[in-house]
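Engineer: Could you work out the structure for the sequence below:
(2 chains)
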Amino acid sequence: AQSVSQHNHHVILSEAASLELGCNYSYGGTVNLFWYVQYPGQHLQLLLKYFSGDPLVKGIKGFEAEFIKSKFSFNLRKPSVQWSDTAEYFCAVNADTGFQKLVFGTGTRLLVSP
Amino acid sequence: DAGVTQSPTHLIKTRGQQVTLRCSPKSGHDTVSWYQQALGQGPQFIFQYYEEEERQRGNFPDRFSGHQFPNYSSELNVNALLLGDSALYLCASSLQARGSGELFFGEGSRLTVL
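Structural biologist: Here you go, the predicted model:
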């Protein structure tokens, strides 16, 4: 069965610090990869996605992620975080690409202190 | 353009009861998926509806059932509630023709089973 691992459950950073959240998945075939964000009191929103092509994908609000196939990883990065980035971040994989069925990681809670 | 709307937002039930949750997809979307998010966990796929039929199902018992109506809205029904069914239930909509396209999530229905 597919699974997604997010290594950091809680991350605390100061504003302007750099961010990297790890995500690894277990599936050997073609996958589509996603990062979703949930701001306090809001619904899940898509941050960025990878389907094919350039393994470095850019999303909203200055976030980017790199797909490394050999490592089964899709880590999320941001060079300089802001207080407004405080949220929970979920990595997700869709290996059953015809059915839009996502397998999510357990999430990482990010707290950015001003 | 209305996003995904879910009702009710919160509800409390007792063990053995039945519950129905409702979802209206984003305008123009024809596919509805349901996810269960337990406390501290990522969302888990329950099932997906397209053309009023269940197309895919996750690892959930038959107590979980659903329906999709001709206007694409959907219901999730859970029978014989257990304490472990307490969770946030998320509805996500998408456009089937987009294949592995983005899912749009509602804010969820928080179910507490006492």
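
Engineer: okay, now the residue in chain A that chain B sits nearest to: neighbour count?
Structural biologist: For chain A, the nearest residue to chain B under the criterion CB to the nearest CB is residue A:104, separated by 3.3 Å. (Glycine included, C-beta is placed from N, CA and C.) Residues contacting residue A:104 under the criterion other CB atoms under 10 Å in any protein chain shown number 22.

Engineer: contacting residues for it?
Structural biologist: With CB atoms under 8 Å, 6 or more residues apart in numbering or on different chains as the criterion, the residues that contact residue A:104 are A:4, A:36, A:90-92, B:35, B:42-44.

Engineer: Equivalent analysis for residue B:11, please.
Structural biologist: Contacts here follow CB under 8 Å, 6+ apart; on that basis residue B:11 touches B:19, B:109-112.

Engineer: Please report the distance of it from residue A:68.
Structural biologist: Taking CB to CB, to the nearest Å as the measure, residue B:11 falls 43 Å from residue A:68.

Engineer: I'd like to know which of the contacts of residue A:104 is nearest to residue B:84.
Structural biologist: residue B:44 (12.2 Å; CB to CB).

Engineer: Which positions in chain A make contact with chain B?
Structural biologist: If contacts are counted using CB under 8 Å from any CB of the partner chain, the residues of chain A sitting beside chain B are A:4, A:6, A:32, A:34, A:36, A:42-46, A:49, A:51, A:90, A:92, A:94, A:96-107.

Engineer: Any stretches of chain B with poor pLDDT?
Structural biologist: Counting by pLDDT under 70, the low-confidence segments of chain B come to B:1-2, B:97-101.

Engineer: most centrally placed residue in the chain?
Structural biologist: No chain in the question, so chain A it is. Centroid-nearest residue in chain A, with CA atoms, centre = their mean: residue A:35, separated by 3.4 Å.

Engineer: Chain B is the one I meant
Structural biologist: Closest residue to the average C-alpha location of chain B: residue B:34 at 3.0 Å, with CA atoms, centre = their mean.

Engineer: element containing that one, please.
Structural biologist: Under the criterion of DSSP states H and E, residue B:34 resides in strand B:31-37.

Engineer: strand partners of that strand, parallel vs antiparallel please.
Structural biologist: Strands adjacent to strand B:31-37 in the sheet, as given by DSSP bridges, are strand B:44-50 (antiparallel), strand B:87-94 (antiparallel).

Engineer: Dump these into JSON lines; add mean neighbour count as well.
Structural biologist: Shown next, in JSON lines, are those (neighbours: other CB atoms under 10 Å in any protein chain shown):
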{"stretch": "strand B:44-50", "mean neighbour count": "22"}
{"stretch": "strand B:87-94", "mean neighbour count": "24"}
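
Engineer: Dump these into CSV; add distance to residue B:60 as well.
Structural biologist: Listed next are the strands paired with strand B:31-37 as CSV, based on distance: least, CB to CB, whole Å:
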stretch, distance to residue B:60
strand B:44-50, 5
strand B:87-94, 11
